[in-house]
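**Student:** Sequence and predicted structure are below.
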Amino acid sequence: MQMTSMQEFRAVPLPTRRGLSRVEAAEYIGIGASKFDTMVSDGRMPKPKKIDGRRVWDVRSLDRSFEALPGGDESEHNPWDE
């Protein structure tokens with residue numbers, strides 16, 4: 001059976017729950033876990049909620065922090081987009 005291009009494409013599904021682990025939160029915003037740690041430390045991403053001994057990131061807080069990041073302006077020209 002030959003694979004079509006849609007079958008080869010690996011889409012990351014949207015989370016089906018509100019709380020995400022550190023790795024899931026990093027993947028959700030499209031970066032690696034170590035970069036995510038840096039962004040949490042410098043305040044660009046939210047700190048986790050604590051549930052007993054577990055750290056969990058709220059999807060809604062991630063969305064707000066992501067929307068506050070610079071960029072996304074249609075007028076910004078990036079030659080790599082061409």
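**Tutor:** Great, that's in hand. Numbering: from 1, shown residues only.

**Student:** Not counting whichever strand or helix holds V40 itself, show me its contacts.
**Tutor:** Using DSSP states H and E, V40 maps to helix 33-41. Outside helix 33-41, the residues within contact range by CB atoms under 8 Å, 6 or more residues apart in numbering are R22, V23, A25, A26, I29, I31, M45, P46, K47, P48. The C-beta positions use only the backbone N, C-alpha and C, and glycine is treated the same way.

**Student:** if I pick the third one, what's in contact with it?
**Tutor:** Under the criterion of CB under 8 Å, 6+ apart, the contact partners of A25 comprise F36, M45, W57, L62.

**Student:** Out of these, which sit inside strands?
**Tutor:** The strands in this structure, assigned by DSSP state E, contain W57 from those.

**Student:** Quick check, central residue of the protein?
**Tutor:** Note on the chain: the residue nearest the mean C-alpha position is I29, at 1.2 Å, using CA atoms, centre = their mean.

**Student:** Work out for me the element the nearest residue to that one once chain neighbours are set aside sits within.
**Tutor:** Taking CB to CB, 6 or more residues apart in numbering as the measure, I29 lies nearest to F66, with 5.3 Å between them; neighbours along the chain are not counted. Using DSSP H and E, F66 maps to helix 59-68.

**Student:** Okay, buried residues for that helix please.
**Tutor:** Judged by neighbour count using 16 or more other CB atoms under 10 Å, the buried positions of helix 59-68 are V59, S61, L62, S65, F66.
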